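Chemist: What shape does this take:
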Amino acid sequence: MMNLLEQLKKVTTVVADSGDVDSIKSLHPTDATTNPSLILQAAKLPQYQHLIIDAINSAGSDVDDICDQLIVNFGCEILKHIPGRISSEVDARLSFDTQASIEKGRKLIALYAQAGINKDRVLIKLASTWQGIKAAEQLEKEGISCNLTLLFSMAQAVACAEANITLISPFVGRILDWYKKAEGKEFVGADDPGVQSVTAIYDYYKANGYNTVVMGASFRNTQEIIELAGCDLLTISPALLNELHATEGELATKLSAENPSTSPAVKGAALTQTSFDWQLNENAMATEKLSEGIRNFAKDQRILEDLVSSLLK
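Modeler: As a prediction, this is how the structure comes out:
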């Protein structure tokens, strides 16, 4: 009998959520995603110090330039070991600045091009704020594919689909965290509110013929992953990938474009910024987790900058 990971790969594109090249090499995912927190974790490991030194040598003395080069260096290293795409994230502090996000996305793609990496192998990752979605919409028009992250609500998902974004990363585990704290109880299997959120978004996209694909993200346990088998893509930490690899059993396909597991929401009027802001505001969980996620990524970006600065002295 095949293990759960092998079975999952037959119905879903498996993506490694890590900046650790060694883990990615051993797990053979199709794609990989990184974020400031994962890059920071990896940058502290001795086997990747050469990537930091190379970034300093390549980018000069500007810390912002060095950090951008470091993100690309990690991406290039990971791309050596996967057949698909790498997601590289725009500085979270730009989440409310459309033009600056566009410029940062273009800069990262240019750095990849300098390293000989075609833009087809890169997804520019931005937070799913209204400004982030509008930045991604422009980048997509320029042929730069985007991954919209920190996505917790249908309003964010609809805005991304209407903007013709390549891929969204609706979070699962962080939604579960919020509801466990708010309601003081455990949620298991299909009752997991994070699983329910991704399922509803997936079914809505397929029912309405959107081209944007869904990549479930931020998992707390393998049961959440099992409940989303069949989703377009799932980005999973090395620890949970290893757990799936070590587990045998039958894996049922839960999500299907032809057979939605929920009654998909009816497509409404196109979202404006006002309607987007209102719908997001009405969702306390999504509002809080989006803000918290941006703050935490920004915090880790600053720590990464401090790490780089210490090496320049």
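
Chemist: all contacts plus neighbour counts: C-alpha atoms, from now on.
Modeler: OK.

Chemist: and Pro264, backbone torsions?
Modeler: For Pro264, the backbone dihedrals (degrees, to the nearest 10) come out as phi -60, psi 140.

Chemist: Quick check: Cys231 vs Pro170, distance?
Modeler: Distance, Cys231 to Pro170, using Cα to Cα, to the nearest Å: 11 Å.

Chemist: could you pull out the strands for the stretch 151-300 of the chain?
Modeler: Secondary structure of the stretch 151-300 of the chain (DSSP state E, counting those that start in this stretch): strands located at 167-170, 213-216, 233-236.

Chemist: From Ser88, how far off is Leu139?
Modeler: With distances defined as Cα to Cα, the gap from Leu139 to Ser88 amounts to 14 Å.

Chemist: Name the residue in the two with the higher neighbour count.
Modeler: When Leu139 and Ser88 are compared on other Cα atoms under 10 Å, the one with more neighbours turns out to be Ser88, at 27 against 20.

Chemist: So the more buried one sits against Ile71, correct?
Modeler: Yes: with contact defined as Cα atoms under 8 Å, Ser88 reaches Ile71; the gap is 6.8 Å.

Chemist: Kindly compare burial across the strands of the stretch 151-300 of the chain and name the winner.
Modeler: Highest mean neighbour count among the strands of the stretch 151-300 of the chain (mean count of other Cα atoms under 10 Å): strand 167-170, with a mean of 27.

Chemist: From the chain's centroid, how far away is it?
Modeler: Relative to the centre of its chain, strand 167-170 is centred 6 Å away, using Cα atoms, centre = their mean, to the nearest Å.

Chemist: Going forward, count from 30.
Modeler: In the new count, where the first residue is 30, that last one comes out as strand 196-199.

Chemist: now what about it, what contacts it?
Modeler: By Cα atoms under 8 Å, 6 or more residues apart in numbering, the residues outside strand 196-199 that reach it are 175-182, 186, 189, 226-227, 241-246.
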